[in-house]
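A.B. asks: Need a 3D model of the sequence below.
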Amino acid sequence: MPSNNSKGNILIVDDPPENLRLLVGVLNEKGYQTRPGSQGKLALSAAQLNPPDLILLYILVQTTFTVLLPTNLKPNDS
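C.D. replies: The predicted model follows:
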């Protein structure tokens, strides 16, 4: 849930730190709260614990993890 001054919470996942810095800088300037990460599995855990409003995920190579990611992000019906 965004704070009163935030337009929304965005989880950003990308490997190169310079990409993360650029995206975080631009989005923070525009009023978004950002949560950067460089590892997909850790980002999945973070998204499940505290769901963001949007996930920006860079996928270079399709793996089993990236194919199953949308399924793993679905709300748990238990």
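A.B. asks: Spell out the secondary structure type for residue 15.
C.D. replies: With DSSP: H, G, I helix; E, B strand; the rest coil as the basis, residue 15 sits in coil.
A.B. asks: Now do the same contact list for the nearest residue to it once chain neighbours are set aside.
C.D. replies: Leaving aside its sequence neighbours, residue 15 sits nearest to residue 38 (C-beta to C-beta, 6 or more residues apart in numbering; 5.6 Å). Glycine gets a C-beta too; all of them are placed from N, C-alpha and C. Residues near residue 38 by C-beta atoms under 8 Å, 6 or more residues apart in numbering: 13, 14, 15, 17, 20.
A.B. asks: now the fourth one: how far from residue 24?
C.D. replies: By that I understand residue 17. Distance of residue 17 to residue 24, computed by C-beta to C-beta, to the nearest Å: 10 Å.
A.B. asks: now do the third one
C.D. replies: When C-beta to C-beta is applied, the distance between residue 15 and residue 24 equals 14 Å.
A.B. asks: And the second one, by the same measure?
C.D. replies: Residue 14 sits 10 Å away from residue 24, going by C-beta to C-beta.
A.B. asks: okay, those two: which has more neighbours?
C.D. replies: residue 14 (19 against 16; other C-beta atoms under 10 Å).
A.B. asks: Skip the chain neighbours and tell me the closest residue to the more buried one.
C.D. replies: residue 58 (4.3 Å).
A.B. asks: Repeat that for residue 35.
C.D. replies: residue 11 (4.8 Å).
A.B. asks: next one: residue 57
C.D. replies: Residue 57's closest residue in space is residue 13 (C-beta to C-beta, 6+ apart), at 4.7 Å.
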